[in-house]
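Peer 1: any chance you can model this:
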Amino acid sequence: MTDQHRADWVGCYGADWVRTPTLDSLAAEGVRFTNCVTTSPLCMPARASFLTGQYPHNTGIWDNIGRVHDVQETYLHPLREAGYRTCHVGKSHLHPHGGGRDLRNEEPYMHAIGFDDVLECTGPLSTQTTFSILTDWMKREGVYETFLDDYRKRAQHPRPALWPSPLPDGKHPDDFMASTAVDYIERSDTSQPLFLFVGLGGPHNPWDPPQRFDTYRSEDMPPPLPPDPSPDWLTGPALEHHERMMRRNRDVTPEEWARMRALYSGRVEHVDACMGRVLEAWYSRRGRDTWVMFWSDHGDMLGDKRRIAKSVFYRSSARVPVILRPPGGCSPIACGGLISTVDLTATLLDMAAKTAPPAVFGRSLVPALEEPGAVGADVVLSEVGDQTMIHDGRWRMVVNSRGEVLELYDLASDLNETINLAGKPGTQEEVERLRAALLDCLLRTAHRQTREVNG
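Peer 2: Got it, this is the predicted structure:
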C-alpha cells in the first residue's frame, strides 16, 4: 500500500511520463482495476475502512483522529483463524500520530486488532514528531538531524518546497520500510502461511525523492487541470463550496506546479523500486504461488484546480490504483467495473480465509479473474469531514450533513469535472435518483453497532 498515490500516475494506467516497472510487471500478471473509488480521500478514515470493510459512518472515523472501537472487527482475525501469521511493516495510521508519541506504545493495540508482528513507522510528515523504529534507525545512520533540518526548511520556505531529499542514497524512510520488510521475509517461517502488509510512506508530500530519482523534466509533466468557472446556477451552499474549493494557491506558478509533478514522479518511481525489492525477496523466499494486492488509500490533486493533497472528491483525490495478482500470475486483465476499497477487504478475506464477516460491506473482486464484466457495483460511497459522495459510474454527487447538494458532475460528458451542475435546471431528476441511491446505501450499511463486552 502506497500513500497518496493517484491512479493516473502509474505506467500501466497510461502515465507514460513516469517509470513504474514493478507495478507494470504486476499488472502484466494480474487484474488492473481502473475505476476504484476510495471510501474516504483521507488517510485514517480510508485505512480504518480497509481494516474493517466498513465505511466512515460505521467506524466513526471521518478525519485523522480516533481509532477502530471494536478490535475484533478487522479482517486480520479471520486470517489468523485460517492459519496465517500476520505482520505489519511500515505506515499503518490506524491510530493518532504526532505530539511526541512513540509508536511502540501502540503495539498492544496493533496486536489486539490482529497483527502478530508489528514493525510500525510513520509517514514522512509525522516522522518529525513521532518516535518509532524508523527514527531509531535514522539516528543510528546519522541522518535524523539532516532529515529534521530539511523538513524545517520546507515548512519555513515561503514558496512550495521543491527540491529532492538531502539524505544519502538508501537512507530515505521508504528505503528503511522496504529493507525492514525484506529482512522479515528472509527470516520468516516458510512452513506457515504468511500475510504481510507493507505500508510505504510515498509518494505522500513533501515531494522529496532521493536525489538519484530526481530525473524527471518539468516540461514532460502533464499540466494540472485549471480551476473551474463559476456557473450562474450555483447558489447558496453550492456556490460557497465552489468558491472554497477554487480559492487556494493562486500565486503558485505553472513552473512550480510542473516541478512539483516532476518530484512526485520521482517519489512514485522510488516507491515502485521499494516494492520491487520486497516482491523479489518474497518470491525468492516463499515462491510465486502467492496472492499480491496493490492499492493506495487516496490520491493527490497535484495542482489540479489549484489544489494540493486530498480530502476532496475530485477524481485526482478519490480514484486509486488497484492491482490483484493471483498465485502463479495470469494473462493481463483490465477491469473497468465501479469498485470501492471496501471491496478490497472482502477480496482479501475471499483469497485467504474463504469467508467474510457480515459487517464487511464490500464484495470480492476475485471473480474478475474469470469474468471481468461480472465485477462492479451500481454505486459507491465516499465520506470525509461532514460530506458524503455518491457515484454511479457516470454521475457524481456530493452532499453535506444537512443534505444540501454541493457538487454534481456528469462524467460522461465532463470527465475532468470542470462544470459543477449543482442547481442547474433540468438536473433535479438525477439529484433525486442519486439521493435515493445514497439512502439505500446508508440503510444497507447502517446496522453495525459498536459493542464493548463486559469483562
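Peer 1: which residue ranges form the strands in the stretch 51-200 of the chain?
Peer 2: Ranges of strands within the stretch 51-200 of the chain are 85-91, 117-121, 194-199, based on DSSP state E, counting those that start in this stretch.
Peer 1: tell me which of the ones you listed is the most buried.
Peer 2: Of these, the one with the most neighbours on average (mean count of other C-beta atoms under 10 Å) is strand 85-91, at a mean of 24. Where you see a C-beta, it was placed from the backbone N, CA and C, and this is true even at glycine.
Peer 1: could you dump the strands of the stretch 51-200 of the chain to JSON lines with distance to Val18?
Peer 2: Formatted as JSON lines, these follow (distance: least, C-beta to C-beta, whole Å):
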{"stretch": "strand 85-91", "distance to Val18": "21"}
{"stretch": "strand 117-121", "distance to Val18": "24"}
{"stretch": "strand 194-199", "distance to Val18": "21"}
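Peer 1: what's the closest of these to Thr38?
Peer 2: Ranking the strands of the stretch 51-200 of the chain by proximity to Thr38 (C-beta to C-beta) places strand 194-199 first, at 15.0 Å.
Peer 1: who are the packing partners of that closest one?
Peer 2: strand 85-91, helix 173-187, helix 254-286 (3 or more C-beta pairs under 8 Å, 6 or more residues apart in numbering; DSSP states H and E).
Peer 1: pipe the strands of the stretch 51-200 of the chain into CSV and attach mean pLDDT per row.
Peer 2: Compiled in CSV, these are given as follows (pLDDT from 0 to 100):
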stretch, mean pLDDT
strand 85-91, 98
strand 117-121, 98
strand 194-199, 98
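Peer 1: how about those, which one is nearest Pro229?
Peer 2: Comparing those against Pro229 with C-beta to C-beta, the closest turns out to be strand 85-91 (38.1 Å).
Peer 1: pairing partners for that closest one, with directions?
Peer 2: Counting by DSSP bridges, the strands paired with strand 85-91 are strand 117-121 (parallel), strand 194-199 (parallel).
Peer 1: out of those, nearest to Cys12?
Peer 2: Smallest distance to Cys12 across the strands paired with strand 85-91 (C-beta to C-beta): 19.6 Å, for strand 194-199.
Peer 1: ok now the helix or strand just after the closest one, how far from the chain's centre?
Peer 2: The helix or strand immediately downstream of strand 194-199 is helix 237-246, counting by DSSP states H and E. Offset of helix 237-246 from its chain centre (C-alpha atoms, centre = their mean, to the nearest Å): 25 Å.
Peer 1: list the buried ones in helix 237-246?
Peer 2: For helix 237-246, a neighbour-count test (16 or more other C-beta atoms under 10 Å) marks Pro237, Ala238, Leu239, His241, His242, Met245, Met246 as buried.
Peer 1: next up, the contacts around the fourth one.
Peer 2: Same thing as His241. Asn400, Leu406, Glu407 (C-beta atoms under 8 Å, 6 or more residues apart in numbering).
Peer 1: one more pass at 10 Å, please.
Peer 2: His241 is in contact with Leu234, Gln387, Val398, Asn400, Glu404, Val405, Leu406, Glu407, Asn420, Ala422, counting by C-beta atoms under 10 Å, 6 or more residues apart in numbering.
Peer 1: hang on, the earlier thing: and which of the buried residues of helix 237-246 is nearest Thr2?
Peer 2: Nearest to Thr2 out of the buried residues of helix 237-246 is Met245 (C-beta to C-beta; 25.3 Å).
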